[in-house]
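**Q** 3D model of this:
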Amino acid sequence: MTDAPSAEMVEPTAAEFGAQVGARIRRLRSERGISLTELARQAGLGKGTLSELETGQRNPTLETLYALTAPLGIGLATLLTSWRPVGHAHGVSVQGEAAGGHLLDVIEDAETGAITEVYRLTIAPGPAYVSGSHGSGVREQLTLVSGHAAVGRVGELQQIGPGGSAEWISDTEHSYQVLDGTVTGVLLITHPKLTPVAGNTPSRSRVEQNVPPEGM
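**A** Residues are numbered from 1 along each chain as shown. Now for the predicted structure:
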């Protein structure tokens, strides 16, 4: 009996990562029949910025990738990872101006079909990091390891410290505000079960549809 192939992957260079993410954005946009101009408008990005992302000429940041998830109807992990088995999609990092995330795992609920992405999140002191909607029914839960922060839906912020947790539905703008120190914690983003749309791709991809590459 032979061992199963390892799910570990070598961390790509910044240029390779940018090219891989750009190709995923372009493919997902094409599959959904959305023009570059329309996706840029829905995500609140410049058309030139999106074009440079798709062609790998601009390094993706956490803020720009988050902005694309709702219009594309996907989870952030779908943009960060190539195919990996659910439960082994780890080792990918993305940095933004105010926050950085490291994907630790992707877990599927066998009963409900919901997908939970697990990130190690770091937020630097400074202005609040505001994120747009992640789509209907998407839930976030943040547990802090260090620092103090005010987090949650805009206008409904919850203050938490080390060992404390906050949970909210992220179907509208929500923010992360450092109150003191550098904040680190574990962020769970849970997406509801996928419902295929006739004549289109599912509204949220389960980490690249969980379709293994040829030969696996």
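
**Q** Tell me the buried residues in the longest strand along the chain?
**A** In the chain, with assignment by DSSP state E, the single longest strand is strand 174-191. The neighbour-count check on strand 174-191 (16 or more other C-beta atoms under 10 Å) flags 174, 175, 176, 177, 178, 183, 185, 187, 188, 189, 190, 191 as buried. For the C-beta atoms, the positions are set from N, CA and C on the backbone; glycine is no exception.

**Q** what about it, average pLDDT?
**A** Taken as a whole, strand 174-191 carries a mean pLDDT of 92.

**Q** Mind giving me the packing neighbours of it?
**A** Where contact means 3 or more C-beta pairs under 8 Å, 6 or more residues apart in numbering; DSSP states H and E, strand 174-191 is packed against strand 99-108, strand 115-123, strand 129-131, strand 139-153.

**Q** cutoff 7 Å now
**A** For strand 174-191, the packing partners by 3 or more C-beta pairs under 7 Å, 6 or more residues apart in numbering; DSSP states H and E come out as strand 115-123, strand 129-131, strand 139-153.

**Q** Would you list the strands that it pairs with, along with their directions?
**A** The partner list of strand 174-191 in its sheet, established with DSSP bridges, is strand 115-123 (antiparallel), strand 129-131 (antiparallel), strand 139-153 (antiparallel).

**Q** Save these as TSV, and put in mean pLDDT too.
**A** Formatted as TSV, the strands paired with strand 174-191 follow (pLDDT from 0 to 100):
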stretch	mean pLDDT
strand 115-123	90
strand 129-131	84
strand 139-153	95
